[in-house]
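Asker: task: produce atomic coordinates for the following.
(one chain, ligands or ions: 2)
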Amino acid sequence: MGGFALYKKGNKMNLKGKDFIDIEDFTKEDLSELIDLAQVLKKKVKNNETIDICKNKTLLLYFEKPSLRTRLSFETGITKLGGNPLFITKEEIDPGKRESIEDTSRVMSKMVDALAIRTFAHSTLEKFAQYSSVPVINALTDKSHPCQIMADILTIKEHFGSLKDKKLAYVGDGNNILHSLLTGCSLFGINISAATPKGYGAEEETIKLAEKFAQSSNSSVEILTDPIEAVKNADIVYTDTWTSMGREAEAKIRKTIFKDYQLNENLLKNASKNHIVMHCLPAHKGEEIDFDTFEKHSDTLFNQAENRRYAQMAIMAAIM
Ligand code: CP
Ligand code: NVA
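Answerer: Ligands and ions are numbered 1, 2, ... in the order given. Predicted structure coming up:
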């Protein structure tokens with residue numbers, strides 16, 4: 001059991017040494033304990049309390065794509081836990097070219113206590129994890145972004161007090177964020193409706209998994225193309241960029257294909273009266289969300305960004 005046991009009596013999770021690759025690798029109970037721990041840690045950080053759960057431990061961040069939130073939240077998060085971060089990019093070490101991924105991972109894990117990795121192919125992350133002797137955290141791949149979704153669940157729980165009987169509508173591209181939302185919401189028992197243009201939906205495998213989780217948690221998964229139908233009575237309306245990192249060449253055509261999938265006043269009229277708007281950020285105002293909607297919901301949006309730190313502190317505290 002990690003040092004976090006000191007911070008919450010009676011928790012049962014024992015995730016020490018485990019990788020954090022995908023939401024579906026965990027039970028609802030473990031994920032709920034992580035969310036509870038994130039809330040405890042957030043309070044401690046706000047009170048300026050010293051936390052030493054990861055004292056003298058080093059987190060290595062290896063990123064193949066740009067990042068603001070993920071990098072900052074991991075770096076400041078591990079520092080708040082008493083440890084220290086190291087950041088390294090593909091340009092510096094070029095795994096697979098300068099040295100094999102297998103050897104890169106084995107060297108990294110001789111020097112540090114955990115790896116946070118952002119890659120294009122999910123298989124690259126999996127290979128790092130296969131050869132690492134220390135826990136590996138998914139800091140975003142083309143397939144999924146589980147750390148983001150843990151922060152999102154925390155944000156929803158903070159706002160509504162509970163996750164029970166909530167509906168989340170996702171409008172936009174069937175990307176890494178939607179994949180992790182599908183598994184995350186269905187595991188936690190949040191009803192999810194996703195509207196994506198034809199041909200831009202989530203992977204079938206992830207939809208099937210979410211449907212299975214939803215059966216156990218007594219919630220629903222709706223896969224649609226009509227944004228109005230998806231947003232109907234939603235408590236949370238979520239969007240993400242139409243063009244994910246690595247797909248920049250498709251940006252122009254996507255602007256045309258996705259034009260009816262913008263979060264704006266007109267679409268949000270269909271949501272529940274007290275809905276909140278979420279976005280993992282970075283946002284492209286005038287595309288997936290209009291300027292006024294973004295500003296109206298900016299408190300939630302930037303709290304959501306801040307919560308990355310506490311969700312990831314909980315994950316690091318548990319596995320390192
Ligand atoms: N939401 C998110 O992961 O942001 P970054 O790409 O800036 O890390
Ligand atoms: N879907 C986006 C998420 C960014 C945090 C991307 O992969 O670029």
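Asker: within range of ligand 1, give me the residues from the stretch 201-320 of the chain.
Answerer: 280, 281, 282 (C-beta under 6 Å from any ligand atom). (Each C-beta comes from the backbone N, C-alpha and C, glycine too.)
Asker: can you list the residue ranges for helices in the stretch 51-200 of the chain?
Answerer: 69-80, 90-93, 101-111, 122-131, 146-160, 176-188 (DSSP state H, counting those that start in this stretch).
Asker: is any residue of the last one near ligand 2?
Answerer: Yes - among the residues of helix 176-188, 176, 177 lie within reach of ligand 2 under C-beta under 6 Å from any ligand atom.
Asker: ok, residue 17 - how many residues close by?
Answerer: 13 (other C-beta atoms under 10 Å).
Asker: quick one: it and residue 318 touch, right?
Answerer: No - with contact defined as C-beta atoms under 8 Å, residue 17 does not count as touching residue 318 (10.0 Å).
Asker: with neighbour count, secondary structure and distance to residue 176 added, can I get the residues of the stretch 201-320 of the chain next to ligand 1 in a markdown table?
Answerer: A markdown table is the format used below for these (neighbours: other C-beta atoms under 10 Å; DSSP: H, G, I helix; E, B strand; the rest coil; distance: C-beta to C-beta, whole Å):
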| residue | neighbour count | secondary structure | distance to residue 176 |
| --- | --- | --- | --- |
| 280 | 26 | coil | 9 |
| 281 | 17 | coil | 14 |
| 282 | 13 | coil | 14 |
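Asker: and the residue nearest the centre of this structure?
Answerer: The centre of the chain sits closest to residue 148, judged by C-alpha atoms, centre = their mean, with a distance of 1.7 Å.
Asker: which residues touch it?
Answerer: 70, 140, 177, 180, 280, 308 (C-beta atoms under 8 Å, 6 or more residues apart in numbering).
Asker: report pLDDT for it.
Answerer: If you check residue 148, the pLDDT there is 98.
Asker: which single one of the contacts of residue 148 is nearest to residue 194?
Answerer: The closest of the contacts of residue 148 to residue 194 turns out to be residue 177 (C-beta to C-beta; 10.5 Å).
Asker: and the helix or strand that contains residue 214, what's buried?
Answerer: Assigned by DSSP states H and E, residue 214 belongs to helix 204-217. Residues of helix 204-217 classed as buried by neighbour count (16 or more other C-beta atoms under 10 Å): 206, 207, 209, 210, 213, 214, 217.
Asker: tell me if stretch 65-79 is near ligand 2.
Answerer: No - legend: contact between stretch 65-79 and ligand 2 by C-beta under 6 Å from any ligand atom is lacking; minimum distance shown is 7.3 Å.
Asker: residue 164 is in contact with residue 157, correct?
Answerer: No - with contact defined as C-beta under 8 Å, residue 157 does not reach residue 164; the gap is 10.2 Å.
Asker: mind checking which of these two has more residues around it?
Answerer: Using other C-beta under 10 Å as the criterion, residue 157 and residue 164 rank with residue 157 on top: 19 against 10.
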